[in-house]
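>>> No sequence on hand, only this structure:
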């Protein structure tokens, strides 16, 4: 194992392909941390079911308690642990500018990759996904809410790299990810 460590965070709007990107790297032996696991574990600890309302309430509460970097703070130990045993770790769910600032200070090797897809394409994907589908009508308001309430635009705007994902063939996305990993010196 080499000395160079990589922490990759996939950023982008809902339905762009961030989860598919991390899942692809996972098949190549690169572990990932899903920030949403913080919500899932928090609700389980409280004995509450995973519902959109409970998830929203939890997210708002944890951010009131810890600030906009809450999910990065709660995931830091897992990130450190995985980086001890792996050269590269991927993140799914870095949303806020606060999360980015917190992680960049702790992990200067952090790379942001913006997975981009046009809104119409993302909205169709969100409407037909099997877990937590969102209607086309509600997708636009969700986009606006995430930009306004989660401060999501900053990490997207400052991303180190962009992968365009307007093609619904996963193989196209996977090829783009593999090519980018090779470009930045990450062996997969």
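Structure's in. What do you need? Keep in mind that this is a model prediction, so the values were computed, not measured.
>>> can you give me the strands for the protein?
6-11, 32-34, 88-92, 110-116, 161-164 (DSSP state E).
>>> so which of these gets nearest residue 174?
strand 161-164 (10.4 Å; C-beta to C-beta). For every residue, glycine as well, the C-beta is placed using N, CA and C.
>>> List the buried residues of the closest one.
Neighbour-count burial for strand 161-164 flags 162, 163 (criterion: 16 or more other C-beta atoms under 10 Å).
>>> tell me what that strand is packed against?
strand 110-116, helix 170-183 (3 or more C-beta pairs under 8 Å, 6 or more residues apart in numbering; DSSP states H and E).
>>> partners of it, with directions?
Using DSSP bridges, the strands paired with strand 161-164 are strand 110-116 (parallel).
>>> could you check the angle strand 88-92 makes with the partner strand?
Here strand 110-116 points in a direction 50 degrees away from that of strand 88-92 (axes from the mean of the first three to the mean of the last three C-alpha atoms, to 10 degrees).
>>> coming back round to it: okay, the helices and strands packed on strand 161-164, which one's buried deepest?
Most buried of these, by mean neighbour count (mean count of other C-beta atoms under 10 Å): strand 110-116, with a mean of 22.
>>> quick one: contacts of that strand?
Applying C-beta atoms under 8 Å, 6 or more residues apart in numbering, the external contacts of strand 110-116 come out as 6-12, 16-18, 21, 94, 100, 103-104, 155-156, 158-165, 180, 184.
>>> just to revisit the earlier point, include mean pLDDT when you put the helices and strands packed on strand 161-164 into CSV, please.
Below are the helices and strands packed on strand 161-164 laid out as CSV (pLDDT from 0 to 100):
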stretch, mean pLDDT
strand 110-116, 98
helix 170-183, 97
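>>> Run through the residues that contact the residue nearest to residue 107 when sequence neighbours are not counted.
In space, and not counting its chain neighbours, residue 107 is closest to residue 7: 4.7 Å by C-beta to C-beta, 6 or more residues apart in numbering. Residue 7 makes contacts with 79, 83, 88, 89, 91, 103, 107, 109, 110, 111, as judged by C-beta under 8 Å, 6+ apart.
>>> That's all I had, so thanks and see you.
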